[in-house]
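> everything below, folded, please.
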Amino acid sequence: MAESTPQVVTRFAPSPTGAMHVGNARTALQCWAYARGRGGKFILRFEDTDQKRSSEQAAEAILADLKWLNLPWDEGPDIGGPNGPYSQSERLDIYNEYIDKLMSAGIAYVPDDEPAIVRFRMDRDIEFDDEAYGHIKVAATDLEDFVIRKSDGFPTFHLAVVVDDALMGVTHIIRGQEHLSNTPKHVAIQDALGFARPTYVHTPSI
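Take a look at the predicted model:
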């Protein structure tokens with residue numbers, strides 16, 4: 001018997017720090033259309049670990065804009081789902097669990113000169129494939145250790161997005177090319193935690 005193909009799962013994960021712009025709308029449309037065209041699932045998630053800039057008003061405006069664009073989601077902060085909560089500010093215990101695993105393995109550490117934060121150790125070359133930009137390799141000498149937990153106790157985008165995508169079963173990450181430089185960090189965390197790598201598609205900015 002042939003193996004079944006895993007369900008396609010995409011996500012749109014805006015930061016509720018202001019109004020949506022045309023780039024956000026295009027990304028949401030691409031993620032929604034890719035999932036819908038393949039009988040998959042489209043998830044909405046709020047990346048609100050930047051507590052100073054995030055607001056409930058911005059989150060509500062994003063929900064309204066997506067509804068106006070007629071891009072319904074299958075799981076999200078307003079309708080729930082099996083993988084919630086769908087706002088990162090409500091998932092701190094989950095992130096701390098994985099940060100503790102990385103620290104126990106010696107892959108993450110608390111710097112002596114910055115005792116209030118946690119950094120991820122980048123000490124190897126990183127390679128990954130992108131559906132738009134092809135095979136990408138970044139030498140370890142061009143990478144540096146980066147923060148995964150801030151002094152306020154909240155994880156950075158880099159840690160939170162990787163954990164959320166893995167636990168929510170995201171198979172395809174479609175996002176703007178401005179995130180391409182972040183992907184080596186995300187791939188490194190995925191490998192360290194034993195998460196499967198999703199398919200990446202970085203689209204040109206508009």
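
> where does the residue nearest the centre of the chain fall, secondary structure wise?
The centre of the chain sits closest to Val161, judged by Cα atoms, centre = their mean, with a distance of 2.7 Å. Following DSSP states H and E, one finds Val161 within helix 157-167.

> give the rounded mean pLDDT of that helix.
Across helix 157-167, pLDDT averages out at 97.

> picking up where we left off before, measure the residue nearest to the centre of the chain to Pro115 for me?
Look at Val161 and Pro115: by Cβ to Cβ, to the nearest Å, they are 25 Å apart. Bear in mind the C-beta positions are built from the backbone N, C-alpha and C, glycine included.

> picking that back up, what residues does the helix holding Val161 touch?
Residues outside helix 157-167 that contact it (Cβ atoms under 8 Å, 6 or more residues apart in numbering) are 11, 13, 45, 47, 49, 83, 88, 91, 94-95, 98-99, 120, 146-149, 155, 170, 173, 182, 185-186, 189-190, 193, 195-196, 198.

> may I see the buried residues of it?
Residues 157-166 are the ones in helix 157-167 that count as buried (16 or more other Cβ atoms under 10 Å).

> any chance of the residues you listed in JSON lines, with distance to Ala28 too?
Shown next, in JSON lines, are the buried residues of helix 157-167 (distance: Cβ to Cβ, whole Å):
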{"residue": "Phe157", "distance to Ala28": "18"}
{"residue": "His158", "distance to Ala28": "22"}
{"residue": "Leu159", "distance to Ala28": "23"}
{"residue": "Ala160", "distance to Ala28": "19"}
{"residue": "Val161", "distance to Ala28": "16"}
{"residue": "Val162", "distance to Ala28": "21"}
{"residue": "Val163", "distance to Ala28": "22"}
{"residue": "Asp164", "distance to Ala28": "17"}
{"residue": "Asp165", "distance to Ala28": "16"}
{"residue": "Ala166", "distance to Ala28": "21"}
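
> which other helices and strands does the next helix or strand after the helix holding Val161 contact?
Sequence-wise, the next helix or strand downstream of helix 157-167 (DSSP H and E) is strand 172-176. When contacts are defined as 3 or more Cβ pairs under 8 Å, 6 or more residues apart in numbering; DSSP states H and E, strand 172-176 sits against strand 9-12, helix 22-36, strand 199-203.

> only whichever of the contacts of helix 157-167 are buried, select them in PyMOL.
A single PyMOL command selects the buried members of those (16+ other Cβ under 10 Å):
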select buried, resi 11+13+45+47+49+88+91+94+95+98+99+120+146+147+148+149+155+170+173+185+186+189+190+193+195+198
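
> helices along this protein, start to end?
According to DSSP state H, the chain carries its helices in the segments 22-36, 56-68, 92-104, 157-167, 183-193.

> just the CA atoms of the third one, as CSV, please.
Coordinates of the C-alpha atoms in helix 92-104 are reproduced here as CSV (Å, rounded to 0.1, in the frame of the first residue of the first chain):
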residue,chain,number,x,y,z
LEU,A,92,5.7,31.0,27.5
ASP,A,93,5.7,27.7,29.4
ILE,A,94,6.1,25.8,26.1
TYR,A,95,9.0,27.9,24.9
ASN,A,96,10.8,27.7,28.3
GLU,A,97,10.6,23.9,28.1
TYR,A,98,12.5,23.9,24.8
ILE,A,99,14.9,26.5,25.9
ASP,A,100,15.7,24.4,29.0
LYS,A,101,16.4,21.4,26.6
LEU,A,102,18.8,23.5,24.6
MET,A,103,20.6,24.7,27.7
SER,A,104,20.8,21.2,29.1
